[in-house]
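> Can you look at this prediction? I've put the sequence above it.
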Amino acid sequence: MKLLVPKALAIKHSVFEKQVLENFAVSESVRSVLPESGLVRGRIVRCCGDAAISLALSLCARASQQGSWLGVVGVDHLGISCAVEHGIALERVVFVHPPEASRDWSTTVAAAIDGFDLLIVAVPERLSIADARRVQARLVSRRSVMIIVDTAVLSQNSFTSNSHPFHADLLLDTKTKNWSGINNGAGFLQHRQVEIKVSGRRVAREQRHLLTCSH
Amino acid sequence: MRCLDWPAVVAAKTNHSACAVVHSQRVVSRSVQAKKFGVEVGMRRRQAQALCPDIEISSFQPDRDRRAFNTVVRAVGEIVPLIEVSEPGVIVFAARGPSRYFGGDAPMAEKLMRALRASIMADSQFGVGIADGRLAAHISAHISAQTQTPFLVEPEKTKPWLAGQSVRVLSEFAGIDREIISLLERLGLNLLQDVCKLGESVLAGRFGELGVELHRLARGDEQHPLAVVAPPPEQLCSRAFEEPIVDRQTLLNNVQTMADELGRYFAEQGAICVRLILVFVSETGERCERLWYRPHGLTAASIVESAKWQIESWQIKAPISGLQLIADEVRTDTARQLKLWGGATQSDETAAQAVGRLTELLGSNSVQVAKWQGGRDLQDAYQFVSVLHSQVAHSEQITTQAKKLSVQSPPQPKFWRGSLPTPSPSVVFADPPEVQVVDKNQNLLRVSARHELSAEPAYLLKGEARHKIVSWAGPWPVEEKWWDIARSRRLVRLQLVVEKNATPSVGAGGNSVGSAGLVDPAGSVGSAGSVGPVAESSEVRAMLVALEHGQWSIVAIYG
């Protein structure tokens, strides 16, 4: 094992020296939301609000279909049928349950970054700033993408955008405006309107998008 | 030595019950009683239940089968020193030495049968078969298992006896694909001697590498020619620990590194190890030796899995002071070697390495993949399986079994009657939090026996917070196993759209009632289409709640 890791490093480094690795493609429904119309490698995207998990899954869907591996770290309650409906290739998804302690968590996520191109993570409460910096540096060097999901549903912690240990490059705040298809006993939930606020240090000014989607 | 239908033997709770082991809706293994009713391997579960309503169905658990088989392995291990266990239910060993010790094949076989009878439960079929060559031995063990007496084939008579066997034995015992065998039958080659007579060059021309292998098997030789390779240097093969190891995971890590190095050594010579002797030496001097064989070559992951099995079955719990991996048989590596994951891309390999590293850090239960298994409940539709189990056991063991059943693996998601409509929720709780759903008079909502709600839902109470319910759909009843009082389930599911912000209290809730009053006449009248938009300030959240045993709980959230 000790001999193998440097080899993988060498391959990944040589690839991006020789050619510019493209951004990850994103399906059309959410492409308008992202400023670069794709997921830029080495960056952190943070999704918060109601539709955070759905948005995270939509962002990963196209890249997963094209062969990238997705690691889901610490998101214990993810609905798998939902992921499959978004189009994620389940044979390339690995679910990891990391420990809560700050140092162990960062070691786990660093190991996951080494192998998976895309990561959906839930950040634990007690993550120290130093460990977060280390993980972020690893992410940049390995050219993977990390999507942090941040909802009050998953955990009881509430990070405000100032106190979050990770400096997200892109912050997507979702609000479900309404659901349609349902009517006092009849029908079933079919479509919803979600307002997404795009902000962050890679975006010139805050933008708002209203998306109608079926999940 | 073979025990027929070992998984069913293990799964049966009492000795004489009919029992079937099911994997992905197909019967993998069935007990003797079930066979009397006509249940066959490869049947669908419903068919088996139609033939025998009292049949016990249990799920496929290779770990359980292995653990149960360890007692048998230990019993046989007392008689024969070096044995090889490829799957639970089958033991293979070289017979020449032991038979000379016991004074002949027949006395040895008798002694083995007695040992087996002592260690296996009564109602199962097992047998001992002795013959020249691996395939012939498997066939004779199978025949012996059906007659319950040892079956011996004279050394000189093995080849002619084998020639008279049907080609189906190739798919059952030598791991050849079932489709190839059916093709052979359609071409008119029903017996192994027909295959032999055809000639190696003709088979090679038609089937390529596989044709050469078929011819070799039909002749009665080993499945692959031995490659002559320089033996690996001592330091790759054995390792002595100054500090004896107690922790199993460290030991398995050592096995993994040694297996990787050995694999790389052989790969450089263009070969792959097919038979390996794994030796553990304990601090007190006891040795545990076991042979491991896989026709398509042993990968590092399968060696680690075998080591795990061997350690579990070894009764001595002393710390381990030495480890040896002795490559017994090596064959030239052709392109058909099974890769770790079947994937050839760079990202697959880096992912596999990362999974290995994560498993090392966290243990195999914390790194999982999802497998579709189907079910009405959201938690049941997909099952989490640890990656190590899924990649080694699944790809190698289940695929060989699947080849016998011609079942596709992995199962693809199919329509499941009674499941929720899409879109599916994105957050599914394994442990649903309890809530209360009340109507506008603060009475708890109930559902009648005809699945009608007692009143319209108005508020959702979670702890201290009160959320107004904007709209709802349902109730959708779920009744499972009504015929089985112990395991029956009755629940009702409801989709709710609630306001995200909790209304403070009943008195101050006048504002929200007023604004809702503005919306209702526009929204609720009319077809069952879309509801009009809610006032700008409030956000809504959709969730799925269920009522079971008089208690409401949030099953999932559409987030």
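Cool, got the structure.
> Show the contacting residues for the residue nearest in space to the middle of chain A.
Geometric centre of chain A, nearest residue: A:I147, 1.9 Å, by C-alpha atoms, centre = their mean. By C-beta atoms under 8 Å, 6 or more residues apart in numbering or on different chains, the contact set of A:I147 is A:I44, A:V45, A:R46, A:C47, A:A56, A:L59, A:C60, A:L118, A:L119, A:I120, A:V121. (Glycine included, C-beta is placed from N, CA and C.)
> Please, where are all the strands along chain A?
Secondary structure of chain A, counting by DSSP state E: strands at A:44-49, A:70-73, A:93-96, A:118-121, A:145-150, A:170-183, A:186-199, A:207-213.
> just checking, what packs against the last one?
Counting contacts by 3 or more C-beta pairs under 8 Å, 6 or more residues apart in numbering or on different chains; DSSP states H and E, the secondary-structure elements packed against strand A:207-213 are helix A:28-31, strand A:186-199.
> residues of the strand or helix carrying B:A259 that come out buried?
Element membership for B:A259 (DSSP states H and E) is helix B:248-268. For helix B:248-268, the neighbour count (16 or more other C-beta atoms under 10 Å in any protein chain shown) marks B:251-252, B:254-256, B:258-263, B:265-266 as buried.
> farthest pair in the residues you listed?
The distance between the two most remote of the buried residues of helix B:248-268 (C-beta to C-beta) is 22.5 Å, for B:L251 and B:F266.
> thinking again about what came up before, near chain A, list only the ones from the buried residues of helix B:248-268.
When C-beta under 8 Å from any C-beta of the partner chain is applied, the members of the buried residues of helix B:248-268 adjacent to chain A are B:Q256, B:D260.
> from the buried residues of helix B:248-268, which is closest to B:F241?
Nearest member of those to B:F241, counting by C-beta to C-beta, is B:N254, at 7.9 Å.
> was I right about the closest one contacting B:L323?
Yes. Between B:N254 and B:L323 there is a contact at 6.1 Å, judged by C-beta atoms under 8 Å.
> what's the overlap in contacts for these two?
B:R239, B:F241.
> Quick check: buried residues in the helix or strand hosting B:I554?
Under the criterion of DSSP H and E, B:I554 resides in strand B:551-558. Residues of strand B:551-558 classed as buried: B:W552, B:S553, B:I554, B:V555, B:A556, B:I557, B:Y558 (neighbour count, 16+ other C-beta under 10 Å).
> before we move on, the earlier item: out of the helices and strands packed on strand A:207-213, which gets nearest to chain B?
Nearest of these to chain B, taken as C-beta to the nearest C-beta: strand A:186-199 at 4.2 Å.
> Is the closest one positioned near chain B?
Yes. Residues of strand A:186-199 contacting chain B under C-beta under 8 Å from any C-beta: A:A186, A:G187, A:F188, A:L189, A:Q190, A:H191, A:R192, A:Q193.
> who touches that strand?
A:33-35, A:50-51, A:55, A:170-182, A:206-214, B:421, B:423, B:473, B:495, B:497, B:528-530, B:533, B:542, B:558.
> Could you tell me the angle between that strand and strand B:551-558?
Between strand A:186-199 and strand B:551-558, the angle comes out at 50 degrees (axes from the mean of the first three to the mean of the last three C-alpha atoms, to 10 degrees).
> Starting from strand A:186-199, tell me which strands it pairs with and how they run.
strand A:170-183 (antiparallel), strand A:207-213 (antiparallel) (DSSP bridges).
> can you pull the buried residues of that strand?
A:G187, A:F188, A:L189, A:Q190, A:R192, A:Q193, A:V194, A:E195, A:I196, A:K197, A:V198, A:S199.
> could the residues you listed go into JSON lines alongside pLDDT and distance to B:G89?
Listed next are those as JSON lines, based on pLDDT from 0 to 100; distance: C-beta to C-beta, whole Å:
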{"residue": "A:G187", "pLDDT": "82", "distance to B:G89": "53"}
{"residue": "A:F188", "pLDDT": "82", "distance to B:G89": "48"}
{"residue": "A:L189", "pLDDT": "82", "distance to B:G89": "49"}
{"residue": "A:Q190", "pLDDT": "82", "distance to B:G89": "50"}
{"residue": "A:R192", "pLDDT": "83", "distance to B:G89": "53"}
{"residue": "A:Q193", "pLDDT": "83", "distance to B:G89": "58"}
{"residue": "A:V194", "pLDDT": "84", "distance to B:G89": "54"}
{"residue": "A:E195", "pLDDT": "85", "distance to B:G89": "60"}
{"residue": "A:I196", "pLDDT": "85", "distance to B:G89": "56"}
{"residue": "A:K197", "pLDDT": "86", "distance to B:G89": "60"}
{"residue": "A:V198", "pLDDT": "87", "distance to B:G89": "59"}
{"residue": "A:S199", "pLDDT": "85", "distance to B:G89": "61"}
